[in-house]
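Peer 1: build me a model from this:
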Amino acid sequence: MSAGADGRNVDMARIEGMFKDFKAELMETLKETTDCVKKVEASQQKLEASQQKLEASQQQLNVSVQRLEAQVAASSHNAYARVCNSRAGATEPLQPLVREKAPSQATDPAVGSRPPGDCFPATRNDVLQLKHEAFKVLAAFYGNDFGGSNAILPVRCRCFGDFIGVTGL
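Peer 2: Residues are numbered from 1 along each chain as shown. All right, here's what the predicted structure looks like:
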């Protein structure tokens, strides 16, 4: 009986040794897996932060594209208006230009907006009748001083005429 008991003790010791080795391997694998999960989580956080930056950049890009589209539309409108104005006779109606410059202040008009009220001259002859007060309004709207606030009226009329496509004033 003692031989059988010894055999069982040896088998039991061997099984316990194998279990101990298996447990150690399992614990090492668990530690490696935990480390990998931590690395994946850190990478995921970095990826999410990068994605947020990318989305913010995309929003800024979309805003810039919208501004450019508005400026292109305004420039296109004004190019057509200038051609029409260049062909208008003394009493034929002029085509008002829209604002092309981006606002520099919150109170500035938006790109593509039309001049306020009836400040834009209706005809070529009306350009020649503009006074300094009208030029102040037009200069503020278009962001162009049309020869400067101290220039004499004929110079301002000529500068404004060049701006809107009416030449020979």
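
Peer 1: now residue 94. Nearest residue, chain neighbours left out?
Peer 2: The shortest distance from residue 94 to any non-neighbouring residue, by C-beta to C-beta, 6 or more residues apart in numbering, is to residue 85 (5.0 Å). Any C-beta I mention is one placed from the backbone N, CA and C, and that applies to glycine too.

Peer 1: cool, and residue 113?
Peer 2: residue 99 (5.2 Å).

Peer 1: picking that back up, what sits against the residue nearest to residue 94?
Peer 2: 94, 95, 124, 164, 165, 166 (C-beta atoms under 8 Å, 6 or more residues apart in numbering).

Peer 1: give me the neighbour count for residue 139.
Peer 2: 19 (other C-beta atoms under 10 Å).

Peer 1: check which helix or strand covers it.
Peer 2: Taking DSSP states H and E as the definition, one finds residue 139 inside helix 132-142.

Peer 1: for this protein, which spans come out with low pLDDT?
Peer 2: 1-7 (pLDDT under 70).

Peer 1: still on that earlier bit, put together a markdown table for the contacts of residue 85, with secondary structure on each row.
Peer 2: Shown next, in a markdown table, are the contacts of residue 85 (DSSP: H, G, I helix; E, B strand; the rest coil):
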| residue | secondary structure |
| --- | --- |
| 94 | coil |
| 95 | coil |
| 124 | helix |
| 164 | helix |
| 165 | coil |
| 166 | coil |
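
Peer 1: and those residues, which are buried?
Peer 2: 94, 95, 124, 164, 165, 166 (16 or more other C-beta atoms under 10 Å).

Peer 1: and the strand or helix carrying the residue nearest to residue 94, how far from the chain's centre?
Peer 2: Assigned by DSSP H and E, residue 85 belongs to helix 2-87. Put simply, helix 2-87 sits 27 Å off its chain's centre (C-alpha atoms, centre = their mean, to the nearest Å).

Peer 1: could you do stretch 74-93 as well?
Peer 2: Worked out by C-alpha atoms, centre = their mean, stretch 74-93 lies 31 Å from the chain centre.

Peer 1: check contacts around the residue nearest to residue 156 when sequence neighbours are not counted.
Peer 2: Residue nearest to residue 156 in three dimensions, not counting chain neighbours: residue 147, with 4.5 Å by C-beta to C-beta, 6+ apart. Shown in contact with residue 147 (C-beta under 8 Å, 6+ apart): 155, 156, 158, 159, 160.
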